[in-house]
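S.K.: Coordinates for the following, if possible.
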Amino acid sequence: FTVVNMYLVDDLKARGLWDEVMVNDLKYYDGSVAQIDRLPRDLKALYATSFEVDARWLIEAGSRRQKWIDQAQSLNLYMAEPNGAKLDNLYTLAWVRGLKT
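M.R.: Numbers count the residues shown, from 1 in each chain. From the prediction side, this is the model:
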């Protein structure tokens, strides 16, 4: 089922970008704004999907939060095209940065 991000819709309306073409573009790109040329960079960065956020950045952010967490934190990593080498690099980075789980 489709879930509409009303914050994105509000931002697009405020900039005069919310129209039928935008709705069709969002449907075509499965909700991703990364490929829509007429969208400003700041909105593309703000509304990036979980698969478009660099997983290494998430690990680095998690490692910085970790020292204030008593037990553990939950961290989901998403990769558009996973493979063994990429997963090994991510898990090694997490271990080196001291993530507990």
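S.K.: any weak-confidence spans in this protein?
M.R.: Counting by pLDDT under 70, the chain contains low-confidence residues at 101.
S.K.: Just give the closest residue to Trp18, not the sequence neighbours.
M.R.: Taking C-beta to C-beta, 6 or more residues apart in numbering, and ignoring the residues beside it in sequence, Trp18 has Leu12 as its nearest neighbour in space, at 4.0 Å. From N, CA and C alone the C-beta is placed, and that goes for glycine too.
S.K.: what's the one you found in contact with, if anything?
M.R.: By C-beta atoms under 8 Å, 6 or more residues apart in numbering, the residues touching Leu12 are Trp18, Met22, Leu43.
S.K.: For PyMOL, write the select line for the buried members of those.
M.R.: Burial among those is assessed by 16 or more other C-beta atoms under 10 Å; the matching PyMOL selection reads:
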select buried, resi 22+43
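S.K.: does Trp18 sit in a helix, a strand or a coil?
M.R.: Three-state call for Trp18 (DSSP: H, G, I helix; E, B strand; the rest coil): coil.
S.K.: Adjust the sequence numbering to begin at 560 for everything that follows.
M.R.: Sounds good: first residue 560 from here, last item Trp577.
S.K.: That one against Met565, yeah?
M.R.: No - counting by C-beta atoms under 8 Å, Trp577 stays clear of Met565, with 11.2 Å between them.
S.K.: and the host helix or strand of Leu602, C-alpha only, in PDB?
M.R.: Using DSSP states H and E, Leu602 sits in helix 600-605. Output of helix 600-605 as PDB, limited to C-alpha atoms (Å, rounded to 0.1, in the frame of the first residue of the first chain):
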ATOM      1  CA  ARG A 600      19.100  19.600  -3.900                       C
ATOM      2  CA  ASP A 601      18.000  20.500  -0.300                       C
ATOM      3  CA  LEU A 602      14.700  18.600  -0.700                       C
ATOM      4  CA  LYS A 603      16.500  15.700  -2.300                       C
ATOM      5  CA  ALA A 604      18.900  15.500   0.700                       C
ATOM      6  CA  LEU A 605      16.100  16.000   3.300                       C
END
